[in-house]
Structure formats: structure tokens, C-alpha cells
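*Asks:* sequence and predicted structure, then a few things I'm wondering about:
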Amino acid sequence: MSFNRPRRMKFGMFMAPFHRVNENPTLSMERDMRLIEHLDYLGYDEVWIGEHHSFAREIIADPVVFLAAAAQRTRQIRLGTGVTSLPYHHPFMVADRMVQVDHMTRGRAMLGVGPGALVSDAYMMGIKTVDQRRMMDESLGAIMQLLRGETVSQQTDWYTLQDARLQLASFTDPHLPVAVATAFSPAGAMAAGKHGVGMLSVAGADSEKFEQTWGWAQEAADQAGKPIDRKNWSVVVPMHIAHSREEAFNDIREGYARRAYTGDRLNNDAPEGGNLLGLPSGALEPQAERGTIIVGTPDDAIRQIEIIEERAGGIGGILMLAHEWTTTQKTNESYELFARYVAPHFQGQSQTMIANRDWIETNGATVFGGVLDAYTKAFNDSGKALPAVLQGRK
């Protein structure tokens, strides 16, 4: 399969976030914030911050509050809700808040939306699971109209809009970026296509239907008459890299076994059926072999991302799933190695530098041929004796 890679692929982080239940939540959120600051320093493009209200693993309830705080501690990284669960909110409030944050961040805000990943959240709010995707689609349609500056009147079984219009125009022209989360079903991809917005593949490439994702979005876009672009499609992948494969696997082996929702109890005392989300529960090496996660060296990461590109038929970016499978130091080093050695390969930097080095080395005799003549002339013109190191070398 052939595809056109964007001239500059985007890289960032998808921060649910995941933390162990028995840890200090105040420190966990501060650690999340410092990681975003680290990514900003390293030049990453974006970070998406999740919304969850139950189960005690993903502890950020309001990503808008979090990204607003992060905006004050960063300089250039774009900050998105990853994602705002639309059935939990009135669409007018979502649009109005995001336009405010668009101004407060000087155009660095992004709106990621979804139906709500945790069924326990919806259960506690009395929202039926079977209604969530329909509610998301209704809300997103209204939000896009509001962001475009339209006046909206709409009556549904869960919200009313009456001559609704935003009091502020967006800071970003024509409005801040919007993306829909998609996982295993066609619903998210089709919603993205229907509304002409981007996609966040939060389940990564770990699906036999992954290759069909863009087709679902394109079909819906064609039916709605909306343009979509692969550069606005990012794939979320858990990743850890180090200087060697052995080091990378050893770094995360214990932490991976205790990852959120599948093994985050200290004494393996989870009740029967504890993995309620059906997340991958296999051992580390087989999951890495499948490409469910990327573990290894920077070169390994490059190869695995190219495989994802090939399977997808072209994407716009990779988002590393935030995890705490190792120490803070090792985590920071992994992101730094990626920024130093992986990102340049996909952003048009490495190839130019390599070509320049190779050309100079190949044409060294021509390029540097006059150096000895210049040195000799300089000594002769000054009346000084030629150094021994230059004598006899002409």
C-alpha cells in the first residue's frame, strides 16, 4: 500500500492519565503537569488530557481546568481535551468554554470528543450505554455549528438550544481543532467524517479492523459532503524506548505487569472478572511482538511507526500513551530519546542532515582541497616558518 507521508508528522502524548490507586493523587497530578512541561521543552507538538469520573485510575475529572493550568507552565505545546465526554455536558457549555480557552492559550487549545469510555461514569449519571454514541453525535453537530458562528435552535431528549450563539468569536481561525476518539467500532470514525473533523485512534493499531478506520471516515465524509485530511488523524500507542532493547524491556517489566485496569493491585487480589474493560492482559513480549505496544530502541520505534503508517495507509501523527511503567527518570529519558532520534526521521530533519554529511564526505577532496594551500600562503605571507605538520604534505 502506498501513501503520502506528511512533510512533518506530529508527535505528542495522550494522557488519560493512568496512576496506581494507592498513590497520592495530588503528587500524581503534579507529576503529570511536570511531564507536560518536559514535553514542551523537548518540542513535542501536542498533549491530550482525559476526562474520567470513576474507577480511581484516571483521576482528572475536568481536562479543561488541567490544560488551562498547563498553558501557564508551557510555551508552545498544543493542549487538547482527550477527550471531553459529550453526553455528560450541555453542548453550548462545551463550545463556550473551549472558545474561552482558545483565547487564554493564544490558539493552543484543541477539542477532543467522545461518547465516554468508562461505562461506570455513565452509570452513575443515569446515562444508558446504548445512547452514548447517539448523544455524542447530536452534541458534536451542535458544537460545530456554534464554533462556526451560527445560531442554533435544537430540541433533543437531553438538551435544548434556543437561539443559541456564542458571545465570542474563536481566537483560532476559523475555530480551534476538533477531533473524535475512535476505538474498535466504526462509530467514532464515521462521526469524524460526518462532521469533517480529525480522529484520535485511542486503541492504537490493536484491532483487526484498524485498516478500515479511514475508509469508514471517508465514507461518512463523502455522504455529508465534508472534506477530511489524513494529517488530522493521530494514533495512540503505548511506548517506551531506551538505548538497548534489553534495557527497555527491563525498565518496564514490573510496571507493565501492574498496569491500570489489568494488574494494578499489589497482591493480585482482584475480584473475579476484574478486567471489566477487556483490555489486553497478555505478557509484555508477546504484546510488543504484536505491535500493541512499542518497546525497544529508537530504531525499533521508527520501524514500528512505519508499520502503523503502512497498515493505515497514511496518518498525521503518533500520540504516546502516558503510563507509569517505570521511574519518572526513565520515562523522561524515553521521551527525550524519541525527540532526539525518532521524531527527526518523520519530520524532514534527519534526511537533510544525512544527505549533507554524505555529500561533504564523498566530495571531500574537492571541498577541502584548497585548505593546505591556504595555510601555506598564510604562513608565507606572514614570514613565519611553515609548521612541521604541513611540510611535505603538498
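*Replies:* Looks like it arrived, so ask away. Numbering: from 1, shown residues only.
*Asks:* only C-alpha atoms for contact and neighbour calcs from this point on.
*Replies:* Fine.
*Asks:* relative to residue 82, how far out is the nearest residue to residue 59 once chain neighbours are set aside?
*Replies:* With Cα to Cα, 6 or more residues apart in numbering as the measure, residue 52 is the residue that lies nearest to residue 59, at 6.5 Å, once sequence neighbours are left out. Counting by Cα to Cα, to the nearest Å, the separation of residue 52 from residue 82 is 10 Å.
*Asks:* if you count what's nearby, which of the two comes out ahead?
*Replies:* Between residue 52 and residue 82, residue 82 has the larger neighbour count (other Cα atoms under 10 Å), namely 28 against 23.
*Asks:* is that one in a helix, a strand, or coil?
*Replies:* Three-state secondary structure (criterion: DSSP: H, G, I helix; E, B strand; the rest coil) places residue 82 in strand.
*Asks:* close enough to count as contact, it and residue 15?
*Replies:* Yes. Residue 82 is in contact with residue 15 according to Cα atoms under 8 Å; the separation is 7.4 Å.
*Asks:* overlap in contacts of those two?
*Replies:* Contact criterion Cα atoms under 8 Å, 6 or more residues apart in numbering; residues shared by residue 82 and residue 15: 48, 49, 50.
*Asks:* what about residue 357, neighbour count?
*Replies:* Residues within reach of residue 357, counting by other Cα under 10 Å, total 11.
*Asks:* helix, strand or coil: sort out residue 162 for me.
*Replies:* Look at residue 162: counting by three-state DSSP, its state is strand.
*Asks:* what's the distance between it and residue 153?
*Replies:* Distance, residue 162 to residue 153, by Cα to Cα: 5 Å.
*Asks:* which stretches of the stretch 201-350 of the chain form helices?
*Replies:* Taking DSSP state H, counting those that start in this stretch, the helices of the stretch 201-350 of the chain run over residues 213-224, 245-257, 284-290, 298-312, 328-337, 343-346, 350-362.
*Asks:* now the ones you listed as JSON lines including mean pLDDT and distance to residue 94?
*Replies:* What follows is these, written out as JSON lines (pLDDT from 0 to 100; distance: least, Cα to Cα, whole Å):
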{"stretch": "helix 213-224", "mean pLDDT": "98", "distance to residue 94": "23"}
{"stretch": "helix 245-257", "mean pLDDT": "96", "distance to residue 94": "35"}
{"stretch": "helix 284-290", "mean pLDDT": "91", "distance to residue 94": "37"}
{"stretch": "helix 298-312", "mean pLDDT": "97", "distance to residue 94": "31"}
{"stretch": "helix 328-337", "mean pLDDT": "98", "distance to residue 94": "32"}
{"stretch": "helix 343-346", "mean pLDDT": "97", "distance to residue 94": "33"}
{"stretch": "helix 350-362", "mean pLDDT": "94", "distance to residue 94": "41"}
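*Asks:* for the helix or strand hosting residue 122, list every residue counted as buried.
*Replies:* Residue 122 belongs to helix 119-124 when assigned by DSSP states H and E. Residues of helix 119-124 classed as buried by neighbour count (16 or more other Cα atoms under 10 Å): 119, 120, 121, 122.
*Asks:* hang on, residue 87 packs against residue 115?
*Replies:* Yes. If you go by Cα under 8 Å, residue 87 and residue 115 touch, sitting 6.2 Å apart.
*Asks:* hey, what's in contact with both of the two?
*Replies:* Residues touching both residue 87 and residue 115 by Cα under 8 Å, 6+ apart: 132, 135, 136.
*Asks:* as CSV, these with neighbour count and distance to residue 106 would be great.
*Replies:* What follows is the shared contacts of residue 87 and residue 115, written out as CSV (neighbours: other Cα atoms under 10 Å; distance: Cα to Cα, whole Å):
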residue, neighbour count, distance to residue 106
132, 21, 32
135, 21, 30
136, 23, 27
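*Asks:* return the subset of the residues you listed lying in helices.
*Replies:* Among these, the members falling in helices (DSSP state H) are 132, 135, 136.
*Asks:* returning to that earlier point: of all the helices of the stretch 201-350 of the chain, which one is nearest residue 236?
*Replies:* With Cα to Cα as the measure, helix 298-312 is the member of those nearest residue 236 (10.6 Å).
*Asks:* contacts for that closest one?
*Replies:* Contacts with helix 298-312, where a contact means Cα under 8 Å, 6+ apart, come from 1-3, 205, 210-214, 241-243, 291, 294-295, 315, 318, 337-338, 341-342, 345.
*Asks:* in strands, which of those residues fall?
*Replies:* In strands, defined here by DSSP state E, the members of the contacts of helix 298-312 are 241, 294, 295, 318.
*Asks:* from those residues, which is closest to residue 108?
*Replies:* Compare each of the ones in strands among the contacts of helix 298-312 with residue 108 using Cα to Cα and the shortest gap goes to residue 318, at 18.2 Å.
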